[in-house]
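[1] Quick one, structure for this:
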Amino acid sequence: MVLAGLAPVESSASPTVPTASLDVDYLRRLRRAVLTRRRREINEQEDESRTREDYLFILVALVPCILAYLLWENISLALATYIDEHGAVGRAVDGREFANSLIRPTITGVVVPVISIALATLLSNTVNILRERQVNLRSLINKEACDLRLLRRAIFGMFGTRQHAGRRSRALTLMISYVDQLDRECHQGAINILEELELSGGIATNELDRLSSMIHGVEGAAASRQGSVGTADGIIARLNEYRSERVALLLTDFPDLHWVVLIALSVSICLTFLLESNQALNQYLNSIQLRSLFALLVGVFSATATLCLDLVDPFTGSFSIVSASAQVGDLRLCLQEDIREANAEAGEISSRTMSMLRDLFHPIVRDGEKGTEKSDEKNSGAYEEVGKLGSPTPTRYSMLSTIYFHLLTGPLGSHVRALGDLFAWIATIITKRIRWLLNWRR
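    Numbering: from 1, shown residues only. Prediction:
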């Protein structure tokens, strides 16, 4: 086992009593080992998937080339028969040699250069734009991951003390919801998901809005460090900007007409080659050469089409950027561990005390294990009742919550926060003593 060497060593003379610092250090070492093993497994799976896709793309590029080489004679004879029957009025005595000599300069001097320049320009722009989009997407994903880690530290700066354990758990829960959304938008099928969100009008919806509402309310005023509140607000603004750019890049694609034009230009070049080589003497003397050149021409077009097909979806193929989202999964594991620690720290205070404080300062209805807030839903239902006879006016904060908010934002704010931390520690000590007495009586 990979984690076998991480178990704490016990002395044979006297058993060691695990402390909180040792447990935290052990959990951090365990987390690093799990993340390392997970990253290794993801890299191995991506390498295997990329190898299979490379073989598939090579096969797709070679099949048209082989078919063109094998079917060259049939295609050339069919084109020659069609031109002889429908190419001109009447029948030429010289076998159309004079007509071919007249039209050949037009094909080689005008038609082929125009088609080639148009195809080369469109194709080079297509490949450059698609590749640049992948590079920009990878950069934006990395920026979002870095800012999410900074936001995690800012949340600890705001709600790192014991009295804010519940607030820290709720903020990290909202953050992990955004991380899950980012992870869904960085895998195959993300473009379809974003298109459905765009049609439904919810493309800008994310959990950062609720987190911003949290830090601009009583929770933000009660934060231990007000500088961390400003830092978190700036990070949330940058994350929204990065996500807007990333979504715009994913949803901005070439229309179907663009690909139709590229296909038409490629077919046109192949057709001009067949028209230029449509000479009985030339086909008789240079059959192998013409067959090979036609196969090479078709192979170039099929390989280019395969390259564009690989670049269209940034999360599949040889140029996939899915590996950039692996760090998002690592961050999710860190957040899950942080939420467990926050819930455990909040659980050290009795539920009756926490309920009393929550009802006094900021009444919130918790939703089971997730701990999500339902105050917004409750308020939205209250707003629907506004205007009815005798219905109360909905309020966001209660009277005590409003007083608490102004105490925190006034000159005595630091003293109120210090008293809150002191009260949290006293409540923790009393709760532990009561639990110990209850267990002792049992």
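
[2] what stretches of the stretch 1-150 of the chain score poorly on pLDDT?
    Residue ranges of the stretch 1-150 of the chain with pLDDT under 70: 1-25, 27-28, 32, 87-102.

[3] Next: the stretch 301-442 of the chain.
    Using pLDDT under 70, the flagged stretches of the stretch 301-442 of the chain are 348-425, 427-428, 432, 435, 441-442.

[4] got a list of contacts for stretch 227-236?
    147, 150-151, 154-155, 157-158, 208, 211-212, 215-216, 220, 223 (C-beta atoms under 8 Å, 6 or more residues apart in numbering). To be clear about C-beta, it is placed using only N, CA and C from the backbone, and glycine gets the same treatment.

[5] typo on my end, it should be stretch 112-120
    By C-beta under 8 Å, 6+ apart, the list of residues contacting stretch 112-120 reads 262, 265-266, 268-269, 272.

[6] So for the helix or strand hosting Arg243, mean pLDDT?
    Under the criterion of DSSP states H and E, Arg243 resides in helix 226-251. In this model, helix 226-251 has a mean pLDDT of 91.

[7] sorry, back to before: filter the contacts of stretch 227-236 down to just the buried residues.
    147, 151, 154-155, 157-158, 208, 211-212, 215, 220, 223 (16 or more other C-beta atoms under 10 Å).

[8] which residues touch Asp54?
    Asp54 touches Ser318, counting by C-beta under 8 Å, 6+ apart.

[9] On the three-state scheme, it is what?
    helix (DSSP: H, G, I helix; E, B strand; the rest coil).

[10] Can you check what angle separates the helix or strand where Arg168 lies from helix 226-251?
    Per DSSP H and E: Arg168 is located in helix 165-184. Here the directions of helix 165-184 and helix 226-251 differ by 20 degrees (axes from the mean of the first three to the mean of the last three C-alpha atoms, to 10 degrees).

[11] Tell me how many other residues surround Cys186.
    By other C-beta atoms under 10 Å, the residues close to Cys186 number 25.

[12] do Thr126 as well
    Counted with other C-beta under 10 Å, the neighbours of Thr126 add up to 19.

[13] With Leu137 as the reference, measure out to it.
    Separation of Thr126 from Leu137 (C-beta to C-beta, to the nearest Å) stands at 17 Å.

[14] Kindly report the same for Leu119.
    From Leu119 to Leu137 the distance is 27 Å (C-beta to C-beta).

[15] and if you look at Ile129?
    12 Å.

[16] higher neighbour count, the two?
    The residue with more neighbours, out of Ile129 and Leu137, is Leu137; 20 against 13, by other C-beta under 10 Å.

[17] and that one, what helix or strand is that in?
    helix 112-159.

[18] Can you report phi and psi for Asp253?
    Torsion angles at Asp253 (phi, psi; degrees, to the nearest 10) stand at phi -130, psi 170.

[19] Quick one: residues contacting it.
    By C-beta under 8 Å, 6+ apart, the residues touching Asp253 are 191, 312.

[20] Identify the residues contacting stretch 243-252?
    Outside stretch 243-252, the residues within contact range by C-beta under 8 Å, 6+ apart are 133, 136-137, 140-141, 144, 182, 185, 190-191, 194-195, 198, 203-204, 206, 314.

[21] hmm, back to that, ok, the buried ones among the contacts of stretch 227-236 vs Asp338, which is closest?
    Checking the buried ones among the contacts of stretch 227-236 against Asp338 with C-beta to C-beta, the nearest one is Ile155 at 8.5 Å.

[22] who's in contact with the residue nearest to that closest one when sequence neighbours are not counted?
    Leaving aside its chain neighbours, Ile155 sits nearest to Ala171 (4.8 Å; criterion: C-beta to C-beta, 6 or more residues apart in numbering). Applying C-beta under 8 Å, 6+ apart, we find Ala171 in contact with 155, 158-159, 211, 214-215, 219.

[23] Check Pro314 too.
    By C-beta under 8 Å, 6+ apart, the contact list for Pro314 reads 133-134, 137, 250, 320-321.

[24] ok, now with 7 Å
    133-134, 137, 321 (C-beta atoms under 7 Å, 6 or more residues apart in numbering).

[25] Over to Leu208?
    So, once contact is read as C-beta under 7 Å, 6+ apart, Leu208 ends up touching 178, 236, 239-240.

[26] Outside of stretch 134-153 itself, list whatever touches it.
    For stretch 134-153, contacts defined as C-beta under 7 Å, 6+ apart pick out 175, 179, 182, 186, 232, 235, 238-239, 242-243, 245-246, 249, 311, 314, 319, 321, 324-325, 327-328, 331, 335.

[27] Could you tell me which residues within it count as buried?
    Buried residues in stretch 134-153, defined by neighbour count with 16+ other C-beta under 10 Å: 134, 137-138, 140-141, 143-145, 147-148, 151-152.

[28] hang on, Trp436 in a helix?
    Yes: counting by three-state DSSP, Trp436 is located in a helix.

[29] I'd like to know how many residues surround it.
    Neighbour tally, Trp436, other C-beta under 10 Å: 10.

[30] Ok, the one 4 residues further on next?
    The burial count assigned to Trp440 is 7, neighbours taken as other C-beta under 10 Å.

[31] which stretch of helix or strand covers it?
    Trp440 belongs to helix 413-441, assigned by DSSP H and E.

[32] ok, now Ala305?
    Ala305 belongs to helix 287-312, assigned by DSSP H and E.

[33] and that helix, what other elements does it pack with?
    helix 20-70, helix 112-159, helix 256-276 (3 or more C-beta pairs under 7 Å, 6 or more residues apart in numbering; DSSP states H and E).

[34] hmm, back to that, of the contacts of Leu208, buried ones?
    178, 236, 239.

[35] Excluding chain neighbours, give the residue nearest to the last one in space.
    It stands for Leu239. Asp147 (5.4 Å).

[36] Kindly state the pLDDT recorded for Gln259?
    Just so we're on the same page, residue 259 is Trp rather than Gln. Value listed for Trp259 in the pLDDT field: 94.

[37] residues contacting it?
    If a contact means C-beta under 7 Å, 6+ apart, then Trp259 has no contacts.

[38] Leu265 now?
    Leu265 neighbours (C-beta under 7 Å, 6+ apart): 115, 118-119.

[39] swap the cut-off to 8 Å and go again
    Leu265 sits next to 115, 118-119, 122 when contact means C-beta under 8 Å, 6+ apart.

[40] can you check Glu46 too?
    Per C-beta under 8 Å, 6+ apart, neighbours of Glu46: 320, 322-323.

[41] Generate a ChimeraX selection restricted to the buried entries among these.
    Per 16+ other C-beta under 10 Å, the buried members of the contacts of Glu46 correspond to this ChimeraX selection:
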select :320,322,323
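
[42] can I get the contacts of Glu46 in CSV with distance to Glu44?
    Formatted as CSV, these follow (distance: C-beta to C-beta, whole Å):
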residue, distance to Glu44
Ser320, 15
Val322, 13
Ser323, 12
